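J.: pasting the structure only:
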């Protein structure tokens, strides 16, 4: 799932209207993705996406990327827009998965593959060290952050990246507190933006 939109300002491009999110970089820069009205769906804010891909470098040519809990697909499509060779989007909501597949077709995004599945179950059956980048943004306060990190960590290739997005405030289980790096990973960058806490971990080479 994903969150937030930039507000309208007196200068610069207007923010997209409710129900849309705009890609901010790469070959599909300024292309729009629909954001269906689904409970808990919140596209990752523009500022957070921009910062993440500045951290990673803008050229992801040849990378294999997993966007678990894909939601609007904003993060995964940003990766594909920057040259990723393979972007796997996992979304358990069938309506959202159909919307993601339609966006991939409309953009002629051959690298993007959409799978309607439970993200934790899918990662549990995935081959180890399969991806250079894994993007995790489970629904906030749903108790999924810890299990998602545990399932995703083995899928990251040596020297690869694990991005984790969570809420600023803890829930009753403490799920949305900033996450500790999984074993074999080091903290690389962190960002607070509104209600979002973004962290990037790197797997030791």
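T.: Nice, I can see it. Quantities reported herein were computed from a predicted structural model and do not represent experimental measurements. Numbering: from 1, shown residues only.
J.: Mind checking the pLDDT average for stretch 67-75?
T.: When the per-residue pLDDT values of stretch 67-75 are averaged, the result is 95.
J.: Figure out the length between the terminal residues of that stretch.
T.: For stretch 67-75, the separation between the terminal residues is 7 Å (CA to CA, to the nearest Å).
J.: Over to stretch 146-166?
T.: End-to-end distance for stretch 146-166, by CA to CA: 11 Å.
J.: same thing with stretch 80-98?
T.: Start to finish, the residues bounding stretch 80-98 are 18 Å apart (CA to CA).
J.: Run through the strands of the chain in chain order.
T.: 20-22, 32-34, 64-68, 86-91, 112-116, 131-136, 156-167, 185-193, 196-203 (DSSP state E).
J.: okay, these in CSV with mean neighbour count next?
T.: For the C-beta atoms, the positions are set from N, CA and C on the backbone; glycine is no exception. As requested, those are exported to CSV (neighbours: other CB atoms under 10 Å):
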stretch, mean neighbour count
strand 20-22, 20
strand 32-34, 19
strand 64-68, 27
strand 86-91, 25
strand 112-116, 20
strand 131-136, 26
strand 156-167, 21
strand 185-193, 14
strand 196-203, 21
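J.: will you turn those into a markdown table that also has distance to residue 53?
T.: Listed next are the strands of the chain as a markdown table, based on distance: least, CB to CB, whole Å:
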| stretch | distance to residue 53 |
| --- | --- |
| strand 20-22 | 14 |
| strand 32-34 | 16 |
| strand 64-68 | 12 |
| strand 86-91 | 13 |
| strand 112-116 | 16 |
| strand 131-136 | 10 |
| strand 156-167 | 10 |
| strand 185-193 | 12 |
| strand 196-203 | 11 |
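J.: Let me know which of those is the nearest to residue 47.
T.: Shortest distance between residue 47 and those, using CB to CB, is found for strand 185-193: 5.3 Å.
J.: other SSEs contacting the closest one?
T.: For strand 185-193, the helices and strands in contact under the criterion 3 or more CB pairs under 8 Å, 6 or more residues apart in numbering; DSSP states H and E are helix 46-56, strand 156-167, strand 196-203.
J.: One more pass at 6 Å, please.
T.: helix 46-56, strand 196-203 (3 or more CB pairs under 6 Å, 6 or more residues apart in numbering; DSSP states H and E).
J.: Report the contact partners of residue 126.
T.: Residues counted as contacts of residue 126 (CB atoms under 6 Å, 6 or more residues apart in numbering) are residue 155.
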